[in-house]
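S.K.: Predicted coordinates and the sequence they were generated for:
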Amino acid sequence: MHQKDLRAPDVVIGADTIVTVGGLILEKPVDKQDAYRMLSRLNGKEHSVFTGVAIVHCCTKDSQLDTEVSEFHEETTVKFSELSEELLWEYIDSGEPMDKAGGYGIQALGGMLVEYVHGDFLNVVGFPLNHFCKKLVELYYPPQHEDMQRVKHDSIPPVDTFENLSDVEEGSSDPAQGNEGGGHRRAEAGSGRGQVPAGSQGADSNGTVEITPPFPAGLLELVDGFKASKALFIACKLKVFDVLKDEAPLKAVDIAGKIDASVCGTERLLDVCVALGLLEKTDRGYCNTDLADLHLASDGEYSLHGLAMHSNDHAWNLFTDLELAVREGADAAFGRKAEDPVQSKQTKLQFMRAMHGLTNLTARQVATAFDLSRFSSACDLGGCTGALARALTREYPRLKVTVLDLPEVIEHVPCFQLEGRQTERVSFVPGDFFKDGLPEAELYILSRILHEWPDDKVHQLLSRISGSCKPGGGILVAETVLEEKRPARGSLPASLNLLVRTQGRERSLPEYRRLLEQHGFWDVQLAHAGDRLDVVLGTRASPP
Ligand SMILES: C[S@@+](CC[C@H](N)C(=O)[O-])C[C@H]1O[C@@H](n2cnc3c(N)ncnc32)[C@H](O)[C@@H]1O
């Protein structure tokens, strides 16, 4: 829009709406069957409608377009009544669902499907007008410093129409103008969480007005984050999601009986799980969301139950030492940990379950981040349960993978070999990669290993791999690679996890490149393998 002969716009507004139910996002249906699948999911249940809005404020300085982005989202809860198949198909045949998020339009025929709406109706139609107007006031009329104290009623600026706003600007439409009160903020990490409505005003009997700052909902969510985590852990520990897996809805009293807990305590925990989007609640009782069925029940290839249990029983305690680790640094914290008794067999198994679920979710992306078909043998060092090794053999039919891990880990590997899923192209070798001879292989793999160790140990390990790897062979490192421009939110807790637990740290691509090159691996390349993991591949050069 910003071209030589066109005036730059004052403001550009973008908005889009999605429907979510049970952890799934429903966009527009692609055909009638898809519309049926969506509407059946919504049938008789509550779901959420989210609209994300971005307001791009534009102004021209020295013929350059300057923009500032402000974002928010609005959530509305909608409940569908119990609808017959016949009614659903009649609605689908009307053609209305096809261009609507979630497959219905509340403002037209779709309104008849809806039992109730909690929140802004217009948000369900597609644009949260009320929140948007408050946001505009916040952007264009932020509270002045003196507004923060009690001010006379008649000193409140009138809310102009949108047209008047551009008149006021007189060439400078900077919403931060006169912003001593600091009400406007630039779009920043976290503000996209949206929960920053405009401040509120209240008049008292003297006609004076007090302006309170916007409610910091996102911040309070952070403050309470540990309570949500703990609720999830305990629901996992009590096997709530196992009890409800593939079951008809159950009442709190029945669930309490099955998990051997008090009815009042169970009911509260279940309601919190509903609020967290892990369970659904209807008149007939509680049932798992699809997310809980897939990831929180203790069985299944993609179960994260082990990770939740490891976090509850182990990481939770370690994090109580975070202050100490921050004050004293990783080395001191690790020294203290080294005095801990040796991990029990049970803890080891739990750790393996945690790694297994996590790795199953990312293994295929790691295996396919680069084309590895030129290798016929690989050695996964610290390969744990062999989850990545199995994904590699599935992708590369001629590849054989040896998994090397500590003897106390290899001992438990049979617990993770599902019927029919084992392959003779994966073998397991007990050993210590710092001491024992490394199995021969064309490709050496280090998945989530190097971040656990300080630089001297990383050099030691890379030097041993370099000694075993023939020219033309490769090294594949799977880690969260730090990038200045992509501060991955998900990697931040992991970074603190390393601080309290190990002497290691996450590293950037230039650091990995330097480390690998120092040990004779060249042509170092990076590929992303999903949200939380990156893959670095280097090739062993011929010795000079
Ligand atoms: C964070 S886990 C990563 C597991 C697996 N590579 C993955 O990506 O899921 C680290 C693994 O390294 C193994 N390990 C640690 N020290 C080791 C050593 N000295 N020799 C061999 N394996 C080791 C651990 O037993 C554990 O299985």
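M.R.: Right, received. Where do you want to start?
S.K.: C-alpha only now, for contacts and for neighbours.
M.R.: Fine.
S.K.: Now do the phi/psi pair for the closest residue to the ligand within the stretch 1-150 of the chain.
M.R.: Proximity of the stretch 1-150 of the chain to the ligand (Cα to the nearest ligand atom) peaks at G23, 25.2 Å away. G23 adopts backbone torsions of phi 80, psi 0, taken as degrees, to the nearest 10.
S.K.: How about the contacts made by it?
M.R.: Listed by Cα atoms under 8 Å, 6 or more residues apart in numbering, the contact set of G23 reads 277-278, 289-291.
S.K.: which intervals of the stretch 401-544 of the chain have sub-threshold pLDDT?
M.R.: Residue ranges of the stretch 401-544 of the chain with pLDDT under 70: 418-422, 484-502, 543-544.
S.K.: Write out the residues of it neighbouring the ligand.
M.R.: 405-406, 409, 431-434, 447-449 (Cα under 6 Å from any ligand atom).
S.K.: one step back: the contacts of G23 in strands, which ones?
M.R.: When DSSP state E defines the strands, the subset of the contacts of G23 inside them is empty.
S.K.: quick one: which two of the residues you listed are the most distant?
M.R.: Using Cα to Cα, the contacts of G23 reach their maximum pairwise distance at G277 and D290, which is 10.0 Å.
S.K.: Next, show the common contact partners of the two.
M.R.: Counting by Cα under 8 Å, 6+ apart, the residues touching both G277 and D290 are 22-23.
S.K.: Let me see the domain layout of this structure.
M.R.: 11-139, 222-307, 348-540 (the TED database).
S.K.: How far does the first one sit from its chain's centre?
M.R.: It refers to domain 11-139. Relative to the chain's own centre, domain 11-139 is displaced by 22 Å; criterion: Cα atoms, centre = their mean, to the nearest Å.
S.K.: do the same with the longest one
M.R.: Here domain 348-540 is found 22 Å from its chain centre; the criterion is Cα atoms, centre = their mean.
S.K.: Kindly report the same for the second one.
M.R.: Average the C-alpha atoms of domain 222-307, do the same for its chain, and the two points are 20 Å apart (Cα atoms, centre = their mean).
S.K.: any idea of the mean pLDDT for that domain?
M.R.: Throughout domain 222-307, pLDDT has a mean value of 94.
S.K.: when you scan it, is anything in it near the ligand?
M.R.: No. Shown here: domain 222-307 not in contact with the ligand (Cα under 6 Å from any ligand atom), separated by at least 11.6 Å.
S.K.: Check which residues of stretch 455-466 are buried.
M.R.: Within stretch 455-466, the residues scored as buried using 16 or more other Cα atoms under 10 Å are 458-459, 461-466.
S.K.: And the strands in the stretch 51-200 of the chain, which stretches?
M.R.: With DSSP state E, counting those that start in this stretch as the criterion, the stretch 51-200 of the chain has strands at 64-80, 114-118, 151-152, 200-203.
S.K.: okay if I get the ones you listed as a markdown table plus mean neighbour count, mean pLDDT and distance to the ligand?
M.R.: Listed next are the strands of the stretch 51-200 of the chain as a markdown table, based on neighbours: other Cα atoms under 10 Å; pLDDT from 0 to 100; distance: least, Cα to the nearest ligand atom, whole Å:
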| stretch | mean neighbour count | mean pLDDT | distance to the ligand |
| --- | --- | --- | --- |
| strand 64-80 | 19 | 88 | 36 |
| strand 114-118 | 15 | 91 | 43 |
| strand 151-152 | 15 | 41 | 58 |
| strand 200-203 | 13 | 58 | 48 |
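S.K.: about what we covered before: return the member of the buried residues of stretch 455-466 nearest to the ligand.
M.R.: L461 (9.3 Å).
S.K.: any idea how far the closest one lies from D432?
M.R.: Counting by Cα to Cα, to the nearest Å, the gap from L461 to D432 is 11 Å.
S.K.: Over to E115?
M.R.: E115 is 62 Å from D432, by Cα to Cα.
S.K.: Strands of the stretch 401-544 of the chain, start to end?
M.R.: So, for the stretch 401-544 of the chain - with DSSP E, counting those that start in this stretch - the strands run 426-430, 443-447, 474-479, 521-528, 534-540.
S.K.: just so I know, which of these lies nearest Q365?
M.R.: strand 521-528 (8.5 Å).
S.K.: can you list contacts of that closest one?
M.R.: Contact partners of strand 521-528, identified using Cα under 8 Å, 6+ apart, comprise 369-370, 466, 474-475, 509, 513, 516, 534-541.
S.K.: Then stretch 370-386?
M.R.: Residues contacting stretch 370-386 (Cα under 8 Å, 6+ apart): 352, 355-356, 389, 396, 398-406, 409-410, 413, 416, 426, 433, 439-447, 449, 473, 527, 537.
S.K.: Generate a ChimeraX selection restricted to the buried subset of those residues.
M.R.: The buried subset of those, as determined by 16+ other Cα under 10 Å, is captured in ChimeraX by this line:
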select :352,355,356,389,396,399,400,401,402,403,404,405,406,409,410,416,426,433,439,441,442,443,444,445,446,447,449,473,527,537
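S.K.: Narrow the contacts of stretch 370-386 to those in helices?
M.R.: 352, 355-356, 389, 409-410 (DSSP state H).
S.K.: What is the neighbour count of the closest residue to A35 other than its chain neighbours?
M.R.: The spatial neighbour of A35 that comes closest, neighbours along the chain excluded (Cα to Cα, 6 or more residues apart in numbering), is P29 at 5.0 Å. By other Cα atoms under 10 Å, 21 other residues sit near P29.
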